[in-house]
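[1] Below: sequence and its predicted model.
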Amino acid sequence: MDQIRYVATAAFGLESIVAHELKQLGYSDLKVENGRLGFTAGLEAMARCSLWLRSADRLLIEVGSFTARTFDELFEGTRALPWQDWLPKNASFPVNGKSIKSQLYSVSDCQAIVKKAAVEKMRQYYPQKWFPEDGPLYQLEVSLLDDNVSITMDCSGAGLHKRGYRREQGAAPLKETLAAAMVSLSRWKKDRPLIDPFCGSGTILIEAAMLACNIAPGLKRSFDAEQWPQFSPAIWARARQEARDKAVMYGDLGIVGYDIDPGCIALAQANAQRAGVSEQIRFESQAVKHLSSAHQFGYLICNPPYGERLLDDNQIKQIYHDLARAWSGLSTWSAYVLTPYPGLEKAMGRKADKRRKLFNGRIPCTFYQFYGPRPQEIKGPFAAKGERTYS
């Protein structure tokens, strides 16, 4: 088991971001498909990817893949896989399933067949007829696409967006993984001011501060695979120590979050405290129409409220009108806005330099990217109007 086939799953549109994260970790031989990235690596990759992936949804292990057009082929293909290498005799291994454009369209039947075939294989290696399933959890999934079968084990347990710092959230939360991807797509760097004028529970800014300080997003949570005997406690201990050693806690990063709701500000402050970045972010209660900054250059990154998020059409139009007016006073700033609102470019008074289709949950959105002018290099720690030094 020196080399394992891993799969990192990703929301639609974020595959390239997850690919970049994997390459930064040293895993470059990637097979990129819609919603998933496959790669082969050793045991250490399990812990390192679990701790460090910021924009992936889950980390899986692919037990095997094959073609099946009949239930017999599905049974035999599953039974041929090396279950004895993975499942201890007390393993709990429920089976989920999905089928798209496959002749085997009954998901419940496919789940039952995979379960039966795995048990059949285990009986060849464990001298018992019944398995108690009271041990570590190995959540299996059988996926069928055009008669191609992939059987995976979920290493993560709770999705990777569950960092552990957001115990409470607002009425319309943005997933941490999507927030991290928005920051990555903007190419924001820690030497540039960053404002979210609709910060809500603070997710975008917390993810930005964690990225700037090189804090591993999974450092404060646990994973199902930590209970698997294949991955020793020493592997996880080394990975966690590596993550702690790589964190660099900078002071004030010029990151500011505003929200009109004081309750959201209190929530954001509590989240930042749990994430360990409360010293790096300033939160204030303020309406977007009052937005301003002493910095000459900077970034706006936000996920404004929209119709699916509690407000009516007139309120939505007013919010985007106020955002546009505020941004006009920050004409040298770049703006990055995630929204399904079709009138954003009209409100902002210009076409976006780049657009990217993304999903916020099940809501199709566009990530509009408006580039500000590139600042010249500035000497000294601060320039006029409080501008930060660029590197």
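    Thanks, I have the structure now.
[2] in a strand, that's where Ser278 is, yeah?
    No. Residue state for Ser278 (DSSP: H, G, I helix; E, B strand; the rest coil) corresponds to coil; a strand is not indicated.
[3] and it, what is it in contact with?
    If a contact means Cβ atoms under 8 Å, 6 or more residues apart in numbering, then Ser278 has 269, 272 as its contacts. Heads up, the C-betas are built off the backbone N, CA and C, glycines and all.
[4] Quick check, pLDDT for it.
    The model reports Ser278 with a pLDDT of 96.
[5] Likewise for Pro373?
    Looking at Pro373, its pLDDT reads 87.
[6] Ok, Lys379 next?
    On pLDDT, Lys379 comes in at 44.
[7] and the gap between Val288 and Trp327?
    Taking Cβ to Cβ, to the nearest Å as the measure, Val288 falls 9 Å from Trp327.
[8] Which neighbours do the two have in common?
    Overlap of the contact sets of Val288 and Trp327 (by Cβ under 8 Å, 6+ apart) is empty.
[9] Summarise which helices and strands the longest strand anywhere in the chain is packed against.
    Ranked by residue count under DSSP state E, the longest strand found in the chain is strand 58-67. Packed against strand 58-67, as judged by 3 or more Cβ pairs under 8 Å, 6 or more residues apart in numbering; DSSP states H and E, are the following elements: strand 4-9, helix 44-52, helix 71-79, strand 148-154.
[10] residues making contact with that strand?
    Outside strand 58-67, the residues within contact range by Cβ under 8 Å, 6+ apart are 4-9, 38, 46, 49-50, 53, 73, 77-78, 80-83, 86, 140-141, 147-156, 159-160, 225.
[11] ok and it relative to strand 4-9, angle-wise?
    Taking axes from the mean of the first three to the mean of the last three Cα atoms, to 10 degrees, strand 58-67 and strand 4-9 form an angle of 110 degrees between their directions.
[12] Show me just the buried residues among the contacts of strand 58-67.
    Listed as buried from these are 4-9, 38, 46, 49-50, 53, 73, 77-78, 81, 83, 86, 140-141, 147, 149-156, 160, 225; burial here means 16 or more other Cβ atoms under 10 Å.
[13] Now do the strands in the stretch 251-391 of the chain.
    Counting by DSSP state E, counting those that start in this stretch, the stretch 251-391 of the chain forms strands over residues 255-259, 281-285, 299-302, 334-339, 354-360, 363-370, given from the N-terminal end onward.
[14] Tell me the strands beside the fifth one, with direction?
    The reference is to strand 354-360. Using DSSP bridges, the strands paired with strand 354-360 in its sheet are strand 363-370 (antiparallel).
[15] any idea how far the residue in the chain sticking out farthest from the centre lies from Pro229?
    With distances taken from the mean C-alpha point of the chain and given as Cα atoms, centre = their mean, the most distant residue is Pro127, at 42.2 Å. Going from Pro127 to Pro229 by Cβ to Cβ gives 19 Å.
[16] hmm, back to that, can you redo the strands of the stretch 251-391 of the chain as a markdown table with mean neighbour count?
    As requested, those are exported to a markdown table (neighbours: other Cβ atoms under 10 Å):
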| stretch | mean neighbour count |
| --- | --- |
| strand 255-259 | 25 |
| strand 281-285 | 18 |
| strand 299-302 | 25 |
| strand 334-339 | 24 |
| strand 354-360 | 16 |
| strand 363-370 | 18 |
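[17] Same list (those) but as JSON lines, adding distance to Pro197 and mean pLDDT.
    As requested, the strands of the stretch 251-391 of the chain are arranged in JSON lines below (distance: least, Cβ to Cβ, whole Å; pLDDT from 0 to 100):
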{"stretch": "strand 255-259", "distance to Pro197": "5", "mean pLDDT": "97"}
{"stretch": "strand 281-285", "distance to Pro197": "10", "mean pLDDT": "97"}
{"stretch": "strand 299-302", "distance to Pro197": "6", "mean pLDDT": "97"}
{"stretch": "strand 334-339", "distance to Pro197": "10", "mean pLDDT": "97"}
{"stretch": "strand 354-360", "distance to Pro197": "17", "mean pLDDT": "96"}
{"stretch": "strand 363-370", "distance to Pro197": "14", "mean pLDDT": "96"}
